[in-house]
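**Student:** following is a predicted model, sequence given first.
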Amino acid sequence: KNEVEQSPQNLTAQEGEFITINCSYSVGISALHWLQQHPGGGIVSLFMLSSGKKKHGRLIATINIQEKHSSLHITASHPRDSAVYICAVIYNTDKLIFGTGTRLQVFP
Amino acid sequence: GAVVSQHPSRVICKSGTSVKIECRSLDFQATTMFWYRQFPKKSLMLMATSNEGSKATYEQGVEKDKFLINHASLTLSTLTVTSAHPEDSSFYICSARVSGRDYEQYFGPGTRLTVT
């Protein structure tokens, strides 16, 4: 059974800080998603990764297939980045297995 | 980018009534859509997989007669909560997988259902 673990569960930061959120999974996967959920509920797909690294604006996502680990980095964090960040993996089906999420609060 | 809409965003209904929630892929075709339920401060729980032109596949423990799913076109799936009860109150989210692109999914903004 694939388990998806995220760390930390909660994270606070000052505006401008560099932030890293980690995701580990237990078996081989086909792809990994990073999602963002703001208060109020809507989910935004940030990245889909199967290897390497992707960058979009201040967000960077990396994945290491051998180590079964992915990281989401936020550079120059801003209060509007405050949200829950969710890692989700797809392994042998097209169903997503979700991590428990990381609640990020960025203070001005 | 790919956009998925849900309607309504919020709905309040009385016990015993039925509520229909729509999920639309606005700028891409989605052969497969997924319906999730989320309890407060919990992760998303997959309810069912909706395939265009065929019956939905429900996850264990999800009552198919209570949560009716119809995927009549490549851009629209609907979830109908029948004979709603207060315990059905939840946040319902859909996602749509881009046809022909494995593993690429986009999420709708969610629908907050409150049953009184």
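**Tutor:** Happy to help now that I have it. Numbering: from 1, shown residues only, chains lettered A, B, ... in the order given.
**Student:** so which bits of chain A are right by chain B?
**Tutor:** Contact residues (CB under 8 Å from any CB of the partner chain) of chain A with chain B: A:30-31, A:33, A:35, A:41-45, A:48, A:50, A:86, A:90, A:94-96, A:98-101. Quick note: C-beta positions are derived from backbone N, CA and C, even for glycine.
**Student:** what's near enough to touch residue 74?
**Tutor:** No chain was given, so I picked chain A. By CB atoms under 8 Å, 6 or more residues apart in numbering or on different chains, A:Ile74 lies in contact with A:18-19, A:58-59, A:81, A:104.
**Student:** ah, I was thinking of chain B
**Tutor:** Counting by CB under 8 Å, 6+ apart, B:Leu74 touches B:25, B:29-31, B:52, B:99.
**Student:** look up how far chain A lies from the residue minimising distance to the centre of chain B.
**Tutor:** Taking CA atoms, centre = their mean, the centroid of chain B lies closest to B:Trp35, which sits 3.6 Å from it. B:Trp35 sits 12 Å away from chain A, taking CB to the nearest CB, to the nearest Å as the criterion.
**Student:** verify the stated contact: that residue with B:Ser50.
**Tutor:** Yes. Look at B:Trp35 against B:Ser50 with CB atoms under 8 Å: they come within range, at 6.5 Å.
**Student:** part of a strand, is A:Ser71?
**Tutor:** Yes. Counting by DSSP: H, G, I helix; E, B strand; the rest coil, A:Ser71 is part of a strand.
**Student:** what is the burial count for it?
**Tutor:** 17 (other CB atoms under 10 Å in any protein chain shown).
**Student:** got it, and the one 5 residues further on?
**Tutor:** In terms of burial, A:Ala76 registers 12 neighbours under the definition other CB under 10 Å.
**Student:** tell me the secondary structure at it.
**Tutor:** Here A:Ala76 is recorded as coil under three-state DSSP.
**Student:** contacts only, for it.
**Tutor:** For A:Ala76, the contact set (CB under 8 Å, 6+ apart) comprises A:16, A:18, A:58.
**Student:** and which of the residues you listed is nearest to chain B?
**Tutor:** Checking those against chain B by CB to the nearest CB gives A:Arg58 as the nearest, at 17.0 Å.
**Student:** name the nearest residue to the closest one, sequence neighbours excluded.
**Tutor:** In space, and not counting its chain neighbours, A:Arg58 is closest to A:Thr75: 4.7 Å by CB to CB, 6 or more residues apart in numbering or on different chains.
**Student:** can you tell me which of the contacts of B:Leu74 has the most neighbours?
**Tutor:** Result: B:Ala30 is most packed of the contacts of B:Leu74 (other CB under 10 Å), 28 neighbours.
**Student:** still on that earlier bit, could I have the buried ones of the contacts of A:Ile74 as ChimeraX selection syntax?
**Tutor:** Only the buried entries of the contacts of A:Ile74 go into this ChimeraX selection, using 16 or more other CB atoms under 10 Å in any protein chain shown:
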select /A:19,59,81,104
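**Student:** how close does A:Lys68 sit to B:Gly110?
**Tutor:** A:Lys68 sits 30 Å away from B:Gly110, going by CB to CB, to the nearest Å.
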